[in-house]
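1. Can you look at this prediction? I've put the sequence above it.
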Amino acid sequence: MKATEILSIEHRVIETMLTVLERICQDAESNHKLNKEDAQNAVSFIRTFADQCHHGKEEGQLFPAMEAKGIPAEHGPIGVMLNEHEQGRQFVRGMAGQIELAAQGDSSAIRTFTENAHGYVFLLRSHIQKEDNILFPMAARVMNEEEQAVLLKQFDLVETDHMGAGTHEKFLAMAEALATKYGVSTEKIAAAASCGCSHHKH
């Protein structure tokens with residue numbers, strides 16, 4: 001399996017959680033109160049799985065490997081991706097800062113939480129499309145099998161050394177539980193778990 005295929009599989013899990021996040025917002029708007037635990041778990045998933053783990057692999061390993069093959073970081077697709085990662089972090093901070101008050105039924109906090117959540121969902125959906133359809137095929141063109149294999153090993157180190165053993169599996173389980181609760185298909189999460197998207201098995 002190529003390193004970029006691992007990232008695409010992770011994208012499917014993140015997309016599932018984006019739909020969950022939309023449902024959490026709908027729930028908050030209809031109940032005039034945010035579910036504190038679910039919102040905290042969703043933000044925790046985004047910060048750990050989507051950002052530290054997934055974006056961490058892109059920023060720490062994939063993008064530098066692509067730069068080494070002559071793809072410019074600035075004024076090119078990599079620069080756009082880095083910029084969007086940062087925009088995403090701002091939306092997540094905006095969500096996280098409102099959870100306490102929104103869970104108490106503060107209408108302004110609920111509105112700010114949902115605005116940031118919808119901004120994040122919109123950003124990430126188009127971001128994932130760009131990576132899957134433009135950036136990853138570009139990486140596949142410039143990197144040979146040996147370089148992809150090196151990248152896979154580096155990804156493995158992100159999982160074990162940086163994230164800690166079992167972290168990936170814990171967040172897949174959290175995503176599955178939230179998706180089940182909010183009536184979102186868990187098919188992509190199950191596929192990620194079964195392929196050993198935490199690719200220690202490779």
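-> Looks like it came in fine.

2. what's the nearest residue to the residue nearest to the spatial centre of the chain if we skip its chain neighbours?
-> Geometric centre of the chain, nearest residue: Ala50, 2.5 Å, by C-alpha atoms, centre = their mean. Using C-beta to C-beta, 6 or more residues apart in numbering and skipping the chain neighbours, the partner closest in space to Ala50 is Ile14 (5.0 Å). C-beta: built from backbone N, CA, C; applies to glycine.

3. so what's the one you found up against?
-> With contact set as C-beta atoms under 8 Å, 6 or more residues apart in numbering, Ile14 has these partners: 49-50, 54, 124, 128.

4. hang on, the residue nearest to the centre of the chain packs against Glu15?
-> No. Counting by C-beta atoms under 8 Å, Ala50 stays clear of Glu15, with 10.3 Å between them.

5. so what sits against both of those two?
-> Residues touching both Ala50 and Glu15 by C-beta under 8 Å, 6+ apart: Leu124.

6. Now for Gly88, how many residues are close by?
-> For Gly88, the count of nearby residues is 19 (other C-beta atoms under 10 Å).

7. which residues touch it?
-> Residues in contact with Gly88, defined by C-beta under 8 Å, 6+ apart, are 50-51, 120, 123-124, 127.

8. what's the answer for Phe45, then?
-> Going by C-beta under 8 Å, 6+ apart, Phe45 touches 17, 171, 174-175, 178.

9. quick one: which of the residues you listed is nearest to Arg89?
-> Met17 (15.9 Å; C-beta to C-beta).

10. List the buried residues for the helix or strand Glu5 falls within?
-> In the assignment (DSSP states H and E), Glu5 maps to helix 3-31. For helix 3-31, the neighbour count (16 or more other C-beta atoms under 10 Å) marks 3-7, 9-25, 27-28 as buried.

11. ok, the residue nearest to Ala50 to Tyr182 distance?
-> 15 Å (C-beta to C-beta, to the nearest Å).

12. sorry, back to before: of the contacts of Phe45, which is the nearest to Leu152?
-> Here the nearest of these to Leu152, counting by C-beta to C-beta, is Phe171; it sits at 19.9 Å.
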